[in-house]
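[1] How does the following fold in three dimensions:
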Amino acid sequence: MNDNQPPIAPSTEPASQSGKAKSGGFWKWFWLTFLVLSLAYAWYSFYAPSNRIAWAANYSTAQEQAVESDKPILLFFTGKWCSPCQIMKRQVWADDQVMAAVNEAFIPVTIDVGNSNASAVLSQYGVRITPTTIITDPKGNVLQLQQGGMSKTEFLDLLEKLDPATVQNL
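    Below is the predicted model:
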């Protein structure tokens, strides 16, 4: 053998490649799982089931119906992008007890804050936060106001705070 040749160092490539392959598989599954969970959460945040509440077409229609029926108006200010609004639609408005109470005693109307036609109503009631729930008498005077999301229980408590003479049969 030739003593002038430097000794050959053992190669470390196979060991480092197998370590990279193992950790690369972990990160691939980690990000795939993260993506699936994120998409599921986003869908859940913006999913709102339909409900059987007889929502008025717009605020002026609701006012006309309220004057004719002498019922208070329930205004729900919302936005398509508003996650707490969607949660309320899913947990409050889709509830059978809430639907029965609202349909029986109120003229309900949703106001989309992103709609340019809603600016007069937004300014009339000073709405700056979504969701906002306002209960008015047929003339439009505020009886109850709740800013932010609320649960079914909180909504029913809000209804109980109303004067019984104002809302019959609740």
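[2] pLDDT below threshold where in the chain?
    Along the chain, segments meeting pLDDT under 70 span 1-22, 44-49, 163-170.
[3] where does the spatially most central residue of the chain fall, helix, sheet strand or coil?
    The centroid of the chain falls nearest to Gln86 when counting by CA atoms, centre = their mean (2.4 Å). What DSSP: H, G, I helix; E, B strand; the rest coil gives for Gln86 is helix.
[4] do the same with Ile135
    Following three-state DSSP, Ile135 is assigned to strand.
[5] Flag every buried residue along stretch 52-62.
    Ile53, Trp55, Ala56, Tyr59, Ala62 (16 or more other CB atoms under 10 Å). Every residue, glycine included, has its C-beta placed from N, CA and C.
[6] sorry, that was for stretch 101-118
    Buried positions in stretch 101-118, judged by neighbour count with 16+ other CB under 10 Å: Ala101, Val102, Ala105, Phe106, Ile107, Pro108, Val109, Thr110, Ile111, Asp112, Val113, Ala118.
[7] Report the contact partners of the residue nearest to the fourth one when sequence neighbours are not counted.
    What that stands for is Phe106. Nearest non-adjacent residue to Phe106, counting by CB to CB, 6 or more residues apart in numbering: Leu74, 4.2 Å away. With contact set as CB atoms under 8 Å, 6 or more residues apart in numbering, Leu74 has these partners: Val102, Phe106, Ile107, Pro108, Val109, Thr133, Ile134, Ile135.
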